[in-house]
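Enquirer: only geometry, no sequence info:
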């Protein structure tokens, strides 16, 4: 008697979950494989989506860590002190003036 999927599932119900997970992974891998006719624009668009998703996840991660730190600081001091501290946080944005100018480097690299 040949072994079929139905026979395996009857013997071991966990096999159904494993088969389902394998099917999902195969579907995801098929979506990730690049066909031979993929253009550079399609690859760059895919990479841009991945990078934007990573930055979005990092932003939420750092926001979660920051809120935990500020909550701990509020417990140790007072909420008024945390509000005063947070009022100065936008000033960090002004430090971007000190960042180096990379536009001339890009023009040299492109030219």
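Expert: Great, that's in hand. No experiment lies behind these values; they were computed from the predicted model shown.

Enquirer: mind checking which helix or strand of the chain has the lowest mean pLDDT?
Expert: None of the helices or strands of the chain scores lower by mean pLDDT, DSSP states H and E than helix 5-11, at a mean of 55.

Enquirer: Pop the domain breakdown of this structure in here.
Expert: With domains defined by automatic domain parsing, the chain comprises 1-33, 65-96.

Enquirer: what about the shortest one, how long is it end to end?
Expert: Read that as domain 65-96. For domain 65-96, the first-to-last residue distance is 23 Å (C-alpha to C-alpha, to the nearest Å).

Enquirer: Give the residue spans of this structure that score low on pLDDT.
Expert: Residues of the chain meeting the criterion pLDDT under 70: 1-45, 104-111.

Enquirer: longest helix of it?
Expert: Across the chain, the longest stretch assigned as helix under DSSP state H is helix 40-76.

Enquirer: and that helix, what does it pack onto?
Expert: helix 79-87 (3 or more C-beta pairs under 8 Å, 6 or more residues apart in numbering; DSSP states H and E). Where C-beta positions appear, they are placed from N, C-alpha and C, glycine not excepted.

Enquirer: between the helix it packs on and helix 40-76, how big is the angle?
Expert: Interaxial angle of helix 79-87 relative to helix 40-76 (axes from the mean of the first three to the mean of the last three C-alpha atoms, to 10 degrees): 150 degrees.

Enquirer: Next, the buried residues of helix 79-87.
Expert: residue 82 (16 or more other C-beta atoms under 10 Å).

Enquirer: contact partners of it?
Expert: Contacts with helix 79-87, where a contact means C-beta atoms under 8 Å, 6 or more residues apart in numbering, come from 70, 73, 74.
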